[in-house]
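Student: take this sequence and fold it.
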Amino acid sequence: MDSPKSSPPSPDTTQRAAEPDSGRAAVSPLFDPERAFDVCHVGLVLRAVLGVQGLLALGLALASRDLAQWMQAMASGTVVTLSAVLFWLLLVCGARRQLGRLPEPWQWGLLLSLGGFASSLGWQLLNLTSDEGSGSFRLVSIALSGAVAAALLLAWLKLRERSQRPADAQAQLVELQSRIRPHFLFNTLNSAIALVRLDPNKAEGLLEDLSELFRVALADAGSVVSLDQEVELARRYLAIEQIRFGERLRIRWQLDPAAGQARVPPLLLQPLVENAVRHGVEPNEGGGEVEISTVRRGAEVELRVVNTVGLPARTSGHGLALQNVRQRLRLMHDVAARFELNAEPQRFTVTIHLPR
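Tutor: Sure, this is the predicted structure:
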């Protein structure tokens, strides 16, 4: 059994517990201005391309005599729009941090100019394989069209970011409410009281882990942490539960160091292992097993939490924790992340696939 152990106490324990963020790296605020320009997701790129192509198809349909002329114009126009949109998104993705720090008027001016430049490059690419004319009127029209398309994309990105703020805040509120259950706090404090006389060092380590859990849960929630940080927080939680359940809780870790830097929402792993303990260990006299594994596979990272299944839990859950994890993964990684549940007679598995 590979169970986590609390770190030995030190004289500056109280001081470290009071520090704002001694155990976890700083994270960005909930309302992150960079998030509006985080276009590095397959789903978002696909929607942007389809939106621009839809506008192109509608505009050319109004100017075409028949279907044949429209299809010919679409073939030429797609070369320009597709290359321009992908080029624009690529540059925005690469410069998203710098763009997030600029004043809003500069953001609009810079990205609209970039849209005009990208569409002009797309037009030059088309001219490599065709004899389309390149008069000044046409060049100006293409640049203006690119700037208008960039303005529409930028407005959509900002509207999307603003619409996610209340959903993100509500999701994190539900997470905190479902995580800090009073009976968990009471059980942990009772365990600490019982250990004070028997093993003061272990009692102090238990209270350190509890303090860290509540410090993270009650702090201003950030938008991004690493998977390594989430694993460390889950270790602290399981260290507390190990003292409660003893040999009834059997923990197995299989961690790939190459997967540790994957970006995840905060408090992603802890609710999953809490569910595993609550439903797979607590109701059964013989306890149960909890397995946490991470592995990097190419451009993806797989996170898996598995628990054995015995008797049903004494209190039925409402699925809020799993629903919340799924929602926050979608907000951060869009379709690039996958959340899968697999309920078998003897095992329950949660599998998450993340972009590296």
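Student: the helix or strand harbouring L50: which residues count as buried?
Tutor: Assigned by DSSP states H and E, L50 belongs to helix 42-63. For helix 42-63, the neighbour count (16 or more other Cβ atoms under 10 Å) marks 44-45, 48-49, 52-53, 56, 60 as buried. For the C-beta atoms, the positions are set from N, CA and C on the backbone; glycine is no exception.
Student: okay, who's weakest in those residues by pLDDT?
Tutor: Among the buried residues of helix 42-63, L44 carries the weakest pLDDT, at 83.
Student: how about that one: what's its closest non-neighbour residue?
Tutor: Excluding the flanking residues, the one nearest L44 by Cβ to Cβ, 6 or more residues apart in numbering is D334, at 5.7 Å.
Student: counting neighbours, what do you get for the one you found?
Tutor: Taking other Cβ atoms under 10 Å as the neighbour definition, D334 ends up with a count of 19.
Student: again, but for the one 4 residues further on
Tutor: R338 is surrounded by 14 other residues when neighbours are defined as other Cβ under 10 Å.
Student: contacts made by the helix holding L50 with the rest, please.
Tutor: Helix 42-63 is contacted from outside by 39, 70, 73-74, 77-78, 81-82, 85-86, 89, 149, 152-153, 156, 334-336, using Cβ atoms under 8 Å, 6 or more residues apart in numbering.
Student: distance between that helix and the chain's centre?
Tutor: 27 Å (Cα atoms, centre = their mean, to the nearest Å).
Student: mind checking how far Q72 is from G146?
Tutor: Per Cβ to Cβ, to the nearest Å, Q72 is found 21 Å from G146.
Student: quick one, which of those two is more surrounded?
Tutor: Legend: neighbour count by other Cβ under 10 Å for Q72 and G146, higher for G146 (28 against 12).
Student: what helix or strand is that one on?
Tutor: Per DSSP H and E, G146 falls inside helix 136-179.
Student: I'd like the next helix or strand past that helix.
Tutor: Immediately after helix 136-179, counting by DSSP H and E, sits helix 182-198.
Student: hmm, who's touching that following helix?
Tutor: 202-203, 206-207, 210, 240, 243-244, 274.
Student: again, only this time at 10 Å
Tutor: Under the contact criterion Cβ atoms under 10 Å, 6 or more residues apart in numbering, helix 182-198 has outside partners 181, 201-207, 209-210, 213-214, 237, 240-241, 243-244, 274, 277-278, 315.
Student: what residues of it count as buried?
Tutor: So helix 182-198, judged by 16+ other Cβ under 10 Å, has buried residues 184, 188, 191-192, 195.
Student: show the pLDDT at Q15.
Tutor: 34.
Student: cool, L176 as well?
Tutor: On the pLDDT scale, L176 gets 47.
Student: report the buried residues of stretch 346-356.
Tutor: 348, 350, 352-355.
Student: low pLDDT regions in this protein?
Tutor: For the chain, applying pLDDT under 70 flags the ranges 1-35, 130-134, 163-184, 216-223, 311-320.
Student: and the strands in it?
Tutor: Residue ranges of the strands in the chain, as given by DSSP state E, are 225-226, 249-254, 263-264, 288-297, 300-308, 338-343, 347-355.
Student: direction included, what does the fourth one pair against?
Tutor: So the one you mean is strand 288-297. Take DSSP bridges as the rule and strand 288-297 pairs in its sheet with strand 249-254 (parallel), strand 300-308 (antiparallel).
Student: and those, which is most packed in?
Tutor: Compared across the strands paired with strand 288-297, strand 300-308 shows the largest average neighbour count, a mean of 20 (mean count of other Cβ atoms under 10 Å).
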